[in-house]
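Pasting a predicted model and its sequence here:
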Amino acid sequence: MATNENPPVHPLSNAAVNNMAQPSVTPDHPNPVPGPAATLPDHYLIGIRELLFRVELNHADEELVPRRFLGEAEKSQDVVIPPWIFHAFRTEKGLIDLGKWSKWDQRFREVFERLARIPIFRYGLFRDANPKSDGPMNAQKHRRFAHIVKLQERAVVFLLKEILNGASIVHKTSDDGSETSLAAKYIKKRNKYYAGKANRFFKGPKSNAYLAVDHHPDDSIFGRRLLPISVTTKPHPTLPGHFTKAVQFLLGQLTYQLRDVTHDPRAVPDQEAFHLHLHGSHLHLLRLVAPGFKTSLLQDGKTHIVFIDEDDESYTSLSPHIADQIAQHYLEKSDGDPNALRDCLKERHIRKVLEHVAWHRLYRGIVTQGTVEELINSDIGVFQVLVSREYNLWSPRGFRAAVRMLLGLCLYLMSGEARVGSVQKMFQKWPKAAKKDDEDDDYDEADFDWFWNIHWDDDNEDSSGYFDEFDGYEDLEEYEAEVEDAEQVQSTVHGNADEGLEQLEVGNDGAES
């Protein structure tokens, strides 16, 4: 470093002082997305082989995790009571001695001890990820950055472990002989992903960690991977490059999940895949929406045939217009009486139909005919990826929001309602979530606000933003032009999506050849 260059400001800016942190680097009321977020596009179009992924930024947490699980998370001690360090930021002056962390409240201490030792990434990925150069590192920089990568890995794993310890999300069998639980693990794994070509798979990027679900009968452990976790591994990442890797993580996780839920490519259920990324102290979550009718047509090229299985639990998706027709049927059946419709909706199978309508509309609750959303839903080669806001763990508000989002996700995964094949398979074989005596208790009318506002409360404004008009494009022709351009210049705009990744040929029996 040249003599006239200053190192980035960081909680450990004075290297001679150990276990210290500066509260001045974290504002009390930060913007969830630091920096000039207005200059970022509202989405990126990422191409992977024959597929396109519309990566949409800055989604509310409720669009990634169902609202009722976020509501449960808000009652947690980890969300209500901030860890000791934020109390120290308010009451202490100058440097904060992490060695004096309260012995009565050790929550998240190991997380912040790791974050305090990461000397870069002062700002979030959504602000920093526009460098002039993203070239390879020399050997010295690579060795130095490898240590930073390990610190990030430990920070995010300790964060998840603390959240899981506080929540105690464990399902036991009736005889208490075994249990199913979530666990954060240092698993470095390259998932193979399917990209639309028959009998062909590709290897994706290597994960830094995983959130897994484990079953513990006696002394044995049976596990499934649920959530791939990555951290920033280069000092100057680019957003297109980051989202390309993120999509490969999601696609690999989706391929991994599908083996647990079906062997018939014509009967693929709806699935969603999640991916978590940490950039220094800034964290965000991604959710892939994979309707079954799209995935089935991609794999088999034939008609999607299955909607409900024999247990009336596992659902494959309806095409959007059929789901709309069924919902309209129940509206007409209620003969204009909202109370009659509410009673009708308490039947589980009818609620499932409305969930399908919400799934395809992504909770916008608007008629999609003639909109870009209709094109995305009907084009089997385009999938949507929703990206949360980016939360700064050094910020009290950012930390609380991140814990709320992650805890809500864990509750959702262990509820038995998540469309994640790995945990669905686990619950079919081993303990399921405890059944409530009153079957109506799991009915949350707030989940269908979009439905009531459309059909009964047209004069009321929706404060959630579900019904905002889509303003990303003037018309469908503009969107179609972008899709066509992305297919033609994908390698020059975003680079080769599979650059440096191993391609595998797989025979009909699934074995690598």
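It's in.

Report the beta-bridge partners for His59.
Note on His59: beta-bridge partners by DSSP bridges are Ser388.

How much space separates it from Leu251?
Distance of His59 to Leu251, given as Cβ to Cβ, to the nearest Å: 19 Å. (Each C-beta comes from the backbone N, C-alpha and C, glycine too.)

In terms of neighbours, single out the busier of those two.
Leu251 (27 against 18; other Cβ atoms under 10 Å).

thinking the more buried one is in contact with Ala290, fair?
No. Taking contacts as Cβ atoms under 8 Å, Leu251 lies outside contact range of Ala290: 9.1 Å.

if I look at these two, which residues touch both of them?
Common contacts of Leu251 and Ala290 (Cβ atoms under 8 Å, 6 or more residues apart in numbering): Ala273.

and Leu288, what helix or strand is that in?
Per DSSP states H and E, Leu288 falls inside strand 282-290.

Could you list the paired strands of that strand along with their orientation?
strand 271-279 (antiparallel), strand 382-388 (antiparallel), strand 391-392 (antiparallel).

Could you pull up the residues touching Pro82?
Residues in contact with Pro82 (Cβ under 8 Å, 6+ apart) are 396, 399-400.

The stretch 101-250 of the chain: helices as residue ranges?
109-115, 125-128, 139-167, 239-261 (DSSP state H, counting those that start in this stretch).

packing partners for the third one?
Put plainly, it is helix 139-167. Judged by 3 or more Cβ pairs under 8 Å, 6 or more residues apart in numbering; DSSP states H and E, the packing partners of helix 139-167 are helix 77-80, helix 109-115, strand 178-185, strand 209-217, strand 222-231, strand 271-279, helix 396-413.

Any buried residues in that helix, and which?
Within helix 139-167, the residues that qualify as buried are 145, 148, 151-164, 166-167, counting by 16 or more other Cβ atoms under 10 Å.

sorry, back to before: out of the contacts of Pro82, which are buried?
396, 399-400.

Out of these, which comes closest to Tyr186?
Set against Tyr186, the nearest of the buried ones among the contacts of Pro82 by Cβ to Cβ is Phe399 (22.6 Å).

wait, doesn't the closest one sit right on Tyr391?
Yes. Under the criterion of Cβ under 8 Å, Phe399 makes contact with Tyr391 at 7.3 Å.

hang on, the earlier thing: tilt between the strand holding Leu288 and helix 239-261?
With axes from the mean of the first three to the mean of the last three Cα atoms, to 10 degrees defining the directions, strand 282-290 sits at 50 degrees from helix 239-261.

can you give me the mean pLDDT across strand 282-290?
Mean per-residue pLDDT for strand 282-290: 94.

quick one, it and strand 222-231 angle?
Angular relation of strand 282-290 and strand 222-231 on a 0 to 180 degree scale: 120 degrees, by the same axes, to 10 degrees.

Using PDB, write down the CA coordinates of strand 282-290.
Extracted in PDB, the C-alpha atoms of strand 282-290 (Å, rounded to 0.1, in the frame of the first residue of the first chain):
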ATOM      1  CA  HIS A 282     -23.700  -7.300   5.000                       C
ATOM      2  CA  LEU A 283     -26.100 -10.200   4.600                       C
ATOM      3  CA  HIS A 284     -28.900 -10.900   2.000                       C
ATOM      4  CA  LEU A 285     -31.100 -13.800   1.200                       C
ATOM      5  CA  LEU A 286     -32.300 -15.100  -2.300                       C
ATOM      6  CA  ARG A 287     -35.300 -17.200  -3.100                       C
ATOM      7  CA  LEU A 288     -35.800 -19.100  -6.400                       C
ATOM      8  CA  VAL A 289     -39.400 -19.600  -7.400                       C
ATOM      9  CA  ALA A 290     -39.800 -22.900  -9.400                       C
END
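
so where is the stretch 151-300 of the chain shaky, pLDDT-wise?
In the predicted model, the stretch 151-300 of the chain carries pLDDT under 70 at residues 173-177, 196-200, 217-220, 263-267, 297-300.

any idea which of the strands paired with strand 282-290 is most buried?
strand 391-392 (a mean of 26; mean count of other Cβ atoms under 10 Å).

sorry, back to before: CSV for the helices of the stretch 101-250 of the chain, including distance to Arg67?
Conversion of the helices of the stretch 101-250 of the chain to CSV gives the following (distance: least, Cβ to Cβ, whole Å):
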stretch, distance to Arg67
helix 109-115, 26
helix 125-128, 24
helix 139-167, 18
helix 239-261, 22
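
Tell me which of those helices approaches Phe201 most closely.
helix 239-261 (7.3 Å).

mind listing what's buried in the closest one?
Under the neighbour-count criterion of 16+ other Cβ under 10 Å, helix 239-261 has 239-258, 260-261 buried.

So what angle separates the directions of it and strand 209-217?
Using the same axes, to 10 degrees: helix 239-261 against strand 209-217 is 20 degrees.

Dump helix 239-261 to PDB, restricted to CA.
These are the backbone C-alpha positions of helix 239-261, laid out as PDB (Å, rounded to 0.1, in the frame of the first residue of the first chain):
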ATOM      1  CA  LEU A 239     -23.000  -7.800  -9.100                       C
ATOM      2  CA  PRO A 240     -23.600  -9.700 -12.400                       C
ATOM      3  CA  GLY A 241     -20.900 -12.100 -11.500                       C
ATOM      4  CA  HIS A 242     -22.200 -12.500  -7.900                       C
ATOM      5  CA  PHE A 243     -25.800 -13.100  -9.100                       C
ATOM      6  CA  THR A 244     -24.600 -15.600 -11.800                       C
ATOM      7  CA  LYS A 245     -23.000 -17.700  -9.000                       C
ATOM      8  CA  ALA A 246     -26.000 -17.200  -6.800                       C
ATOM      9  CA  VAL A 247     -28.300 -18.500  -9.500                       C
ATOM     10  CA  GLN A 248     -26.000 -21.600  -9.900                       C
ATOM     11  CA  PHE A 249     -26.300 -22.200  -6.200                       C
ATOM     12  CA  LEU A 250     -30.100 -22.000  -6.400                       C
ATOM     13  CA  LEU A 251     -30.300 -24.200  -9.400                       C
ATOM     14  CA  GLY A 252     -28.000 -26.800  -7.800                       C
ATOM     15  CA  GLN A 253     -30.100 -26.800  -4.700                       C
ATOM     16  CA  LEU A 254     -33.300 -27.200  -6.700                       C
ATOM     17  CA  THR A 255     -31.800 -30.100  -8.600                       C
ATOM     18  CA  TYR A 256     -30.700 -31.700  -5.200                       C
ATOM     19  CA  GLN A 257     -34.200 -31.200  -3.800                       C
ATOM     20  CA  LEU A 258     -36.100 -32.700  -6.700                       C
ATOM     21  CA  ARG A 259     -34.500 -36.100  -6.200                       C
ATOM     22  CA  ASP A 260     -36.300 -36.300  -2.800                       C
ATOM     23  CA  VAL A 261     -39.800 -35.500  -4.000                       C
END
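
Make residue 1 into 90 and carry on from there
Done: numbering now begins at 90, and the last item shifts to helix 328-350.

so Trp249 sits right up against Met494, yeah?
Not Trp; residue 249 is Leu. No. If you go by Cβ under 8 Å, Leu249 and Met494 don't touch, sitting 11.9 Å apart.
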